[in-house]
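Q: below is the sequence, then the predicted model.
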Amino acid sequence: MIEVVFQVRKDGFKDHQSVIESLELVEEADQFTHFLMVDDVTTTEDVISNEEVRRTDDSNLITEFHNEQKIQNDSSLDVISSPPPREALITTAINFLQNERIRKSPINQKQKFLMSKGLTEQEIQIAFNRAGVFTFDPNHAEMGIAAQSNYLAISQENKSLFGKIKEAIQSMALISAVAYACYLFYKKYIERFLFGKKKKTVEEHLLSLEQQMDKKINDLSKEFTIVKDVVISNSHTEDVSQKLQSFKNDLDAIKGLLLNSIEFINCITLKS
């Protein structure tokens, strides 16, 4: 009977009634053969139990056959119900996926966008394959995100201490420059515009007067030093002139003595 069922499957019977009739004929033939081969010692109860087992096997085979037929019908309905892929939408999706900015976005984000535009999963997978993108896999996006996070962690660990210090110094320098520029702008324009010219207090006036007095005293001391130098130079000049005059007088005296001695010698020679 099993061979008949397999032959029915092989021949492709789709009429359940014909299959059942064939099984009943086979069952009757088996019963007849069984009764011929049964020994006289076999009891009626054993025969009945064997017949029940055979009927159970036959019902199981029929149920299995019905299930297989149902699966085939469901698969054929799925094939018929699935519409053919739309090439126009697939071409548009390929152009969209080949954009440089879109290539950097995650795969799940691309799939959600294409599904929102009306594409089916089959059309999206075809577009991914033709555009050179990995086909959508729910675990693939998670693996990509995990790989990206691992790469970022490794790159951050590979940064040297010098690089971190350099970045910190650059940030501090930039912040300091911006803060100082804002302070100067506030002091030069905003503060005067809001509060006007600031009035000096008594202490500030006294401090300015003291500074002016110190400046005048310093100027007078410088002038006094200059006058002193001039006086000293003048006194030195007078001393030099006095010395020159005394030297001149000494020369005149020596000259007079020399002339007198010559005249005295001439007088002696004339008398002799």
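A: Happy to help now that I have it.
Q: from residue 252, how far off is residue 242?
A: For residue 242, the distance to residue 252 (Cβ to Cβ, to the nearest Å) stands at 16 Å. All C-beta spots, glycine's among them, are computed from the backbone N, C-alpha and C.
Q: per-residue pLDDT of residue 222, please?
A: If you check residue 222, the pLDDT there is 87.
Q: neighbours around it, how many?
A: Residue 222 is flanked by 9 other residues according to other Cβ atoms under 10 Å.
Q: which phi and psi values does it adopt?
A: Per-residue torsions, residue 222: phi -70, psi -40 (degrees, to the nearest 10).
Q: which residues touch it?
A: Not one residue lies near residue 222 by Cβ atoms under 8 Å, 6 or more residues apart in numbering.
Q: gap between it and residue 229?
A: Residue 222 is 11 Å from residue 229, where distance means Cβ to Cβ.
Q: same deal with residue 93?
A: Residue 93 sits 99 Å away from residue 229, going by Cβ to Cβ.
Q: among those two, which residue is more densely surrounded?
A: Ranked by neighbour count (other Cβ under 10 Å), residue 93 and residue 229 place residue 93 first, with 23 against 10.
Q: so who does that one touch?
A: For residue 93, the contact set (Cβ under 8 Å, 6+ apart) comprises 114, 117, 119, 123-124, 127, 131.
Q: how does it look with 6 Å?
A: Residue 93 sits next to 114, 127 when contact means Cβ atoms under 6 Å, 6 or more residues apart in numbering.
Q: when you give positions from now on, start the count at 16
A: Taking 16 as the first residue, the last one we looked at is residue 108.
Q: where does it land on pLDDT?
A: For residue 108, the predicted pLDDT is 82.
Q: ok, now how distant is it from residue 119?
A: 17 Å.
Q: for residue 242, same thing?
A: For residue 242, the distance to residue 119 - Cβ to Cβ - is 86 Å.
Q: and residue 232, by the same measure?
A: In terms of Cβ to Cβ, residue 232 sits 76 Å off from residue 119.
Q: these two: which has the busier surroundings?
A: Taking neighbours as other Cβ under 10 Å, residue 232 and residue 119 compare with residue 232 leading, 10 against 7.
Q: contact partners for the more buried one?
A: Residue 232 sits next to no residue when contact means Cβ under 6 Å, 6+ apart.
Q: per-residue confidence for it?
A: Looking at residue 232, its pLDDT reads 89.
Q: ok, residue 81 next?
A: 58.
Q: residue 284 too?
A: Per-residue confidence for residue 284 comes out at a pLDDT of 54.
Q: with residue 259 instead?
A: Looking at residue 259, the pLDDT reads 81.
Q: got phi/psi on it?
A: phi -60, psi -40.
Q: which stretches in the chain count as strands?
A: Here the chain has no strands by DSSP state E.
Q: domain map for it?
A: 102-146, 179-214, 251-284 (the TED database).
Q: highest average neighbour count across the ones you listed?
A: domain 102-146 (a mean of 15; mean count of other Cβ atoms under 10 Å).
Q: tell me how far residue 101 lies from residue 113.
A: 18 Å.
Q: below-threshold pLDDT in the stretch 166-287 of the chain: ranges please.
A: 166-174, 211-213, 276-287 (pLDDT under 70).
Q: go with 90
A: 166-182, 201-225, 227-229, 231-287 (pLDDT under 90).
Q: which parts of it are helices?
A: 176-200, 206-210, 217-286 (DSSP state H, counting those that start in this stretch).
Q: mind putting those into a markdown table with distance to residue 71?
A: Formatted as a markdown table, the helices of the stretch 166-287 of the chain follow (distance: least, Cβ to Cβ, whole Å):
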| stretch | distance to residue 71 |
| --- | --- |
| helix 176-200 | 79 |
| helix 206-210 | 103 |
| helix 217-286 | 117 |
